[in-house]
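>>> Show me the folded form of this:
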Amino acid sequence: MASMKLDVEKFSGKNDFRLWKVKMKALLDHHSLAIALKSDEDEESSISREKKIEIMEKAHSAIILCLGDKPLRKVWKEKTVIEVWKKLESVYQKVNFQ
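Predicted coordinates:
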């Protein structure tokens, strides 16, 4: 099987956040890191604490590396991947009233 390069355009704050979010979730899923975005209640109990920490750190790094400077400045103080994700949603996700 040929190697596949997966890139997600950095979110700059000007491009479509919802589309970036879909791409970012797909990237995390491809690298088996999507579980990092689930709350503790949704978490599978079969994952060891060490593995969970590793997944959370890798997912956090992946998201940070896919942010441009402006959005990064808004989330750099957030400690966990879930905090980063929720902060991005609160700042950039517009409510659709239709």
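>>> Identify all contacting residues around the helix or strand hosting Leu19.
Using DSSP states H and E, Leu19 sits in helix 17-30. Helix 17-30 is touched from outside by 6, 8-9, 11, 34, 36-37, 59, 62-63, 66, 88-89, 92-94, with contacts defined as CB atoms under 8 Å, 6 or more residues apart in numbering. Heads up, the C-betas are built off the backbone N, CA and C, glycines and all.
>>> This structure: helices as residue ranges?
Secondary structure of the chain (DSSP state H): helices at 17-30, 49-65, 69-75, 81-92.
>>> quick one: average confidence on the longest one?
It stands for helix 49-65. In this model, helix 49-65 has a mean pLDDT of 96.
>>> before we move on, the earlier item: need the helices of the chain in CSV with mean neighbour count, can you?
CSV is the format used below for the helices of the chain (neighbours: other CB atoms under 10 Å):
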stretch, mean neighbour count
helix 17-30, 16
helix 49-65, 15
helix 69-75, 15
helix 81-92, 16
